[in-house]
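K.L.:
Predicted model and sequence below, questions to follow.
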Amino acid sequence: MSQPPLPQFGHAPILVLITAMLMMQPLSTDLYLASLPSLGNEFMAPVATVQLTLSLFVMGFGSAQLIVGPLSDRFGRRPILLAGLTIYLLASAACGLSTSIQLLITARFVQALGCCSAVMIARAIVRDAYAPEHSARVIARASTWISVAPILGPILGSFMQVHFGWRAAFVVLGLFSALVLIACIVQLPETNEHKNPQATNVHGLIENYRLVLGSREFWIHVLPAALSYGSIFMFISGSSFVLIRILGVPVAWFGVCFGLAVSGYMTGTLVCRRLLMTISGKQALRIGTTCSLAGGIYFLLATLLGWWHWSMVVLAMFITMVAHGINFPVTQAGAVAPFPKQAGTAAGLMGAIMMAFAFIVGSIVGGTHNGTLYPMAILSCVISILSFSSVRLLSPKIANP
C-alpha cells in the first residue's frame with residue numbers, strides 16, 4: 001500500500017517528484033555505458049582515462065553532498081534543488097559538445113554537482129514529508145520505479161550509440177533534467193519546516209557532523225550502503241569492457257544484457273517491500289547482505305572454473321542487484337531517520353561516504369583491467385564478504401530472521 005505524505009504536503013505529487021529526482025543518478029551513469037569503449041577509440045584514450053568519466057562523476061557527486069546537505073538544511077530544499085538542476089542541464093550540454101576526453105571528464109564532474117542536488121535532496125524530502133516509520137517503504141516503492149531507468153537506459157543507450165553516436169546520450173539527459181526542473185518549479189513545495197540558520201556556519205557544521213558521525217545507528221546503515229553501492233558500481237563501471245571487449249557481446253546487445261542484470265534491482269525492491277511488512281529493516285538488511293555474499297562467491301567461483309560466458313556475468317550482476325534492491329531502501333531510510341533537524345546533513349554525509357567508496361572501486365576496476373575476468377571477480381567477492389560482515393559486526397544483537 002502506498003504511504004501518504006504528511007497532511008501539509010498531501011496536495012503535491014511528492015512520490016512522483018522524488019522518483020524522478022532519484023532516477024537522475026542511474027540515468028547519468030547507465031545511459032552512456034555502451035559508449036565507453038567507443039569513447040576510448042574516438043579520443044584515443046586508454047581504459048583508465050575513459051573510466052574517469054564515471055569515477056570523477058562519482059567523486060563530484062559525493063563531495064558536493066557535503067555542501068548541498070547543509071545548504072538545504074539552512075535555506076530549504078527547493079532553492080538548492082532548482083539551482084542544482086539548472087547546473088545539471090548546462091553541464092549536460094557541455095558534455096554533448098566536448099571535443100576532447102579532458103573536456104568531457106570536466107563537464108561530467110560539473111554534471112555530478114547538479115545531479116547530487118537532486119538525489120540528496122530527494123532523500124531529505126522523504127524524511128521531511130513522510131513519517132519516519134514509513135520512510136523505508138516509501139523509498140522501496142520509489143526504487144521499484146527507479147529501477148526502470150537502469151533497465152531501459154542501457155538499451156536506449158546502445159541503440160543511440162549504434163545509430164547516433166555517444167553525444168546523443170547527453171542530449172537525452174539534458175532533456176530529462178529540463179522536464180524535472182519544470183515539474184519541480186510548478187509542483188514541489190518547500191518541505192524543510194526546520195530550517196537551521198546555523199547549518200552552514202563552521203560551528204554549526206562541526207556540531208551537525210559530530211552528531212551524525214557519532215551516531216552508531218548512522219554507521220549501522222551507512223557502511224552496508226556504501227559496500228552495497230560499491231558492489232553494483234563495480235559492474236556499472238566495468239561491465240561494458242567485460243561484456244563487449246572480453247566476451248564479445250555486440251554493442252547493440254550490450255544494453256539488453258545490462259537490462260537483464262539490472263532487473264534484479266527491481267526484483268530486490270519488490271522483495272524488500274514484502275519483507276518490511278513482516279520483519280524489521282535490520283533483519284531485511286541481513287537477508288540482503290546474505291544475497292550479496294552469494295553473488296560475490298558465485299562470480300569468483302564461476303570465473304575460476306572457466307565459465308567465461310556473458311550469461312554467467314549477467315547472472316552474477318543480477319544476484320548482486322537483487323541484494324542492492326533489498327539493502328538500499330533500508331539503509332537510506334535508516335541512516336537519515338534519527339535526524340529530523342539534520343536530515344540534509346545526514347543524507348549528504350551518507351552520499352559522500354558511498355560515493356567515496358564507489359570512486360575507489362571504479363579506480364580499482366580501471367587500474368586492474370587486464371583483459372580477463374579475474375580482477376572484477378576477486379573484487380566482487382571481497383566487497384560481498386565485507387558487506388555481509390559489516391551488518392553482523394555492527395548489529396550483533398539482531399536475531400537472524
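P.N.:
Arrived safely, thanks for sending.
K.L.:
Give the residue spans of the stretch 151-300 of the chain that score low on pLDDT.
P.N.:
By pLDDT under 70, the stretch 151-300 of the chain has no low-scoring segment.
K.L.:
For it, just list every one of the helices.
P.N.:
For the stretch 151-300 of the chain, applying DSSP state H, counting those that start in this stretch gives helices covering 167-187, 202-213, 216-240, 251-275, 281-304.
K.L.:
Take these and write them to JSON lines, including mean neighbour count and distance to residue 316.
P.N.:
(C-beta placed from N, C-alpha, C; glycine too.) Listed next are those as JSON lines, based on neighbours: other C-beta atoms under 10 Å; distance: least, C-beta to C-beta, whole Å:
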{"stretch": "helix 167-187", "mean neighbour count": "18", "distance to residue 316": "26"}
{"stretch": "helix 202-213", "mean neighbour count": "16", "distance to residue 316": "34"}
{"stretch": "helix 216-240", "mean neighbour count": "24", "distance to residue 316": "8"}
{"stretch": "helix 251-275", "mean neighbour count": "22", "distance to residue 316": "8"}
{"stretch": "helix 281-304", "mean neighbour count": "22", "distance to residue 316": "4"}
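K.L.:
in the protein, which spans are strands?
P.N.:
In the chain, no strands are defined using DSSP state E.
K.L.:
on that earlier part again, possible to save the helices of the stretch 151-300 of the chain as JSON lines with distance to residue 154?
P.N.:
Formatted as JSON lines, these follow (distance: least, C-beta to C-beta, whole Å):
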{"stretch": "helix 167-187", "distance to residue 154": "10"}
{"stretch": "helix 202-213", "distance to residue 154": "35"}
{"stretch": "helix 216-240", "distance to residue 154": "9"}
{"stretch": "helix 251-275", "distance to residue 154": "4"}
{"stretch": "helix 281-304", "distance to residue 154": "19"}
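K.L.:
looking at these, which is closest to residue 393?
P.N.:
Taking C-beta to C-beta, helix 216-240 is the member of those nearest to residue 393, at 9.1 Å.
K.L.:
who touches residue 117 in this structure?
P.N.:
Residues in contact with residue 117, defined by C-beta atoms under 8 Å, 6 or more residues apart in numbering, are 64, 68, 80-81, 83-85, 87-88.
K.L.:
one step back: and of the helices of the stretch 151-300 of the chain, who's closest to residue 28?
P.N.:
Of all the helices of the stretch 151-300 of the chain, it is helix 167-187 that lies closest to residue 28, at 6.4 Å by C-beta to C-beta.
K.L.:
Please name every helix or strand in contact with the closest one.
P.N.:
Based on contacts counted as 3 or more C-beta pairs under 8 Å, 6 or more residues apart in numbering; DSSP states H and E, the elements that helix 167-187 packs against are helix 14-30, helix 77-96, helix 101-129, helix 148-163.
K.L.:
what comes up buried for the last one?
P.N.:
By neighbour count with 16 or more other C-beta atoms under 10 Å, helix 148-163 contains the buried residues 148-158, 160-161.
K.L.:
Same question for the longest one.
P.N.:
By neighbour count with 16+ other C-beta under 10 Å, helix 101-129 contains the buried residues 101, 104-129.
K.L.:
ok, now the second one?
P.N.:
In terms of neighbour count (16+ other C-beta under 10 Å), helix 77-96 has its buried residues at 77-78, 80-85, 87-89, 91-92, 94-96.
K.L.:
which of those lies closest to residue 222?
P.N.:
Nearest to residue 222 out of the buried residues of helix 77-96 is residue 77 (C-beta to C-beta; 21.1 Å).
K.L.:
Could you check how far the closest one is from residue 126?
P.N.:
The gap separating residue 77 from residue 126 is 11 Å, by C-beta to C-beta, to the nearest Å.
K.L.:
Also residue 291?
P.N.:
24 Å.
K.L.:
same thing with residue 20?
P.N.:
Distance, residue 20 to residue 126, using C-beta to C-beta: 14 Å.
K.L.:
next one: residue 158
P.N.:
When residue 158 is compared with residue 126 (using C-beta to C-beta), they lie 32 Å apart.
K.L.:
Mind putting the contacts of residue 117 into a markdown table with distance to residue 178?
P.N.:
Shown next, in a markdown table, are the contacts of residue 117 (distance: C-beta to C-beta, whole Å):
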| residue | distance to residue 178 |
| --- | --- |
| 64 | 20 |
| 68 | 20 |
| 80 | 18 |
| 81 | 14 |
| 83 | 15 |
| 84 | 13 |
| 85 | 8 |
| 87 | 13 |
| 88 | 9 |
